[in-house]
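K.L.:
Just need the structure, nothing else, for what follows:
(chains A, B, C and D)
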Number of protein chains: 2
Amino acid sequence: MDIDIKTIRIVIIEDDTTIREGYTFLLGNEPGFDICANYASFELAEKKLLSDSPHLLLLDVQLPGISGVDAIPKIKKILPDVQILILTVYDSEDVIFAALKNGASGYLTKNTTPDRIIASIKEVVNGGGAMSTSVAKLVMQSFQKSMASPLTKRETQILEGIAGGKSRRKIATELFIDLETVKTHIKNIYHKLDVNSKDEALKVAREGRFI
Amino acid sequence: MDIDIKTIRIVIIEDDTTIREGYTFLLGNEPGFDICANYASFELAEKKLLSDSPHLLLLDVQLPGISGVDAIPKIKKILPDVQILILTVYDSEDVIFAALKNGASGYLTKNTTPDRIIASIKEVVNGGGAMSTSVAKLVMQSFQKSMASPLTKRETQILEGIAGGKSRRKIATELFIDLETVKTHIKNIYHKLDVNSKDEALKVAREGRFI
DNA sequence: AAATATATCCCCCTATTCGGGGGATGTGTA
DNA sequence: TACACATCCCCCGAATAGGGGGATATATTT
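P.N.:
Here you go, the predicted structure:
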């Protein structure tokens, strides 16, 4: 469970000077941590990342120029094996999911305690994931769905089939019912959701978390 | 950031007697924690849950009879506001995602330290989420995708549109390109993936994690 | 007992989408 | 100079989507 790298090389990209210096000092004093460099923007870091060759990169989301989220794929291109830990005040669902999709190894909000940050860095370097409790909450909520859906079980089932890009005929086959039955259900779904197309139905259903 | 409930009432459902008693002792000694009861299966707990009225439920996955994952919705029906923290040796992707979908507030693997368990309980009761690092890793991997995709960026973009159930025309409109261009891309995608239908293409692409 | 919700199936119709075939053009990159 | 990529054009037939009108049987609720 302990790190098998002697020293964890860390680069910090954070535009706020106070925070950047704060983290540099804080983490630099941690045994086994080596802050190779810190930068105020991705553009400033870009050419030097390769020679810095960090194991882990602490990245802010709100950066001047290219955003932290958009910087992730560019960083991965330069350093394919670097672990990226997002450390930011932004905890909007979109930003978090975008960061995770782009390949972030962790997402910490800035109310995280120094101890937890240090622990998270070690966890990430050891191949684990790291999330703030607020982020974990959002992620778990994204897995949950429905509640008070106006749709019946069968209707939900069929709408989920549609959401999966399946044709009515395919849905009919998979559910062992007639195509006409599927059509009727879809008509009822459209009426209940007050829409008149596949796309609208999916939009409404997703917003209401029926599916 | 501190709990505003005087005492956290906890129920433990875990079939292994040693582990169950261990947690009961361990958590029972924590100030502010009250272990109302512990049970070896969901069936044994079922009728007593209401009178126990716990704030949080520690749940094992592998239980005799009904599994922990399947028990979640039943528990939520009895106690809609209870927080459920999964504490188990099982860290398979399917089980984890099923638990989260069913409404678990946290998922801890059993190598979690007592300190971390206690911290997680407090976090969950305070409305946060809790995940082991290994679980967080899996969750984040599920957000990431692709690698060595035979598809170009544009082709991937279009295939993702198809995966979203969008029509070719809608994709064309959204990407500000002609319908014919979309058709050409789709033809190229089918050739690259060696398929000849939407469904096959999606199947292959999902298996290869292109999308 | 009557009303309602749910699920199943049937007919009609038109407009759109899908899959496959053939091509062309411009822009980059190797 | 090739080659990959992205864009656009034509042809065709079969399938799908959307909307209209119904019917029937089983539950559940009132």
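K.L.:
Residue A:84: what's it in contact with?
P.N.:
Counting by Cβ atoms under 8 Å, 6 or more residues apart in numbering or on different chains, residue A:84 makes contact with A:56-57, A:59, A:72, A:75-76, A:103-106. Yep, even glycine has a C-beta here, placed from its N, CA and C like the rest.
K.L.:
Quick one: name the residues of chain A near chain B.
P.N.:
Counting by Cβ under 8 Å from any Cβ of the partner chain, the positions of chain A adjacent to chain B are A:97, A:100-106, A:123, A:126-140, A:143-145, A:162-166, A:170, A:198-199, A:202.
K.L.:
Next step: those restricted to strands.
P.N.:
Counting by DSSP state E, the part of the residues of chain A next to chain B found in strands is A:106, A:130-131.
K.L.:
residue ranges for the helices of chain A, please.
P.N.:
A:17-28, A:42-46, A:49-52, A:68-78, A:93-102, A:114-125, A:133-143, A:153-163, A:168-175, A:179-193, A:198-207 (DSSP state H).
K.L.:
Show me what counts as buried in the second one.
P.N.:
Neighbour counts over helix A:42-46 (16 or more other Cβ atoms under 10 Å in any protein chain shown) mark A:42, A:44-46 as buried.
K.L.:
where in chain A is pLDDT low?
P.N.:
A:1-5, A:144-149 (pLDDT under 70).
K.L.:
Residues of it that sit close to DNA strand C?
P.N.:
A:152-155, A:175, A:177-178, A:180-181, A:183-185 (Cβ under 7 Å from any atom of the strand).
K.L.:
Would you check which pair of the residues you listed lies furthest apart?
P.N.:
Comparing every pair within the residues of chain A next to DNA strand C by Cβ to Cβ identifies A:153 and A:180 as the most remote, at 19.3 Å.
K.L.:
hmm, which of the residues of chain A next to DNA strand C are the buried ones?
P.N.:
So, of those, A:155, A:185 end up buried under the neighbour-count rule (16+ other Cβ under 10 Å).
K.L.:
Looking at the residues of chain A next to DNA strand C, which is nearest chain B?
P.N.:
residue A:153 (13.4 Å; Cβ to the nearest Cβ).
K.L.:
Now do the contacts for the closest one.
P.N.:
Contacts of residue A:153 by Cβ under 8 Å, 6+ apart: none found.
K.L.:
so can I have JSON lines of the helices of chain A showing distance to DNA strand D?
P.N.:
JSON lines is the format used below for those (distance: least, Cβ to the nearest atom of the strand, whole Å):
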{"stretch": "helix A:17-28", "distance to DNA strand D": "37"}
{"stretch": "helix A:42-46", "distance to DNA strand D": "23"}
{"stretch": "helix A:49-52", "distance to DNA strand D": "25"}
{"stretch": "helix A:68-78", "distance to DNA strand D": "15"}
{"stretch": "helix A:93-102", "distance to DNA strand D": "18"}
{"stretch": "helix A:114-125", "distance to DNA strand D": "32"}
{"stretch": "helix A:133-143", "distance to DNA strand D": "26"}
{"stretch": "helix A:153-163", "distance to DNA strand D": "7"}
{"stretch": "helix A:168-175", "distance to DNA strand D": "3"}
{"stretch": "helix A:179-193", "distance to DNA strand D": "5"}
{"stretch": "helix A:198-207", "distance to DNA strand D": "3"}
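K.L.:
and the ones you listed, which is most packed in?
P.N.:
Greatest average neighbour count among the helices of chain A goes to helix A:133-143 (a mean of 21), per mean count of other Cβ atoms under 10 Å in any protein chain shown.
K.L.:
Would you mind pulling the contact partners of that helix?
P.N.:
By Cβ under 8 Å, 6+ apart, helix A:133-143 touches A:91, A:93, A:96-97, A:100, A:107-109, A:131, B:97, B:100-101, B:104-106, B:123, B:126-131, B:136, B:139.
K.L.:
again, only this time at 6 Å
P.N.:
Outside helix A:133-143, the residues within contact range by Cβ atoms under 6 Å, 6 or more residues apart in numbering or on different chains are A:91, A:93, A:96, A:107, A:109, B:100-101, B:123, B:128-129, B:131, B:139.
K.L.:
and what of stretch A:55-71?
P.N.:
In contact with stretch A:55-71 (Cβ under 6 Å, 6+ apart) are residues A:8-15, A:41-43, A:82-88, A:90, A:95, A:98-99, A:125.
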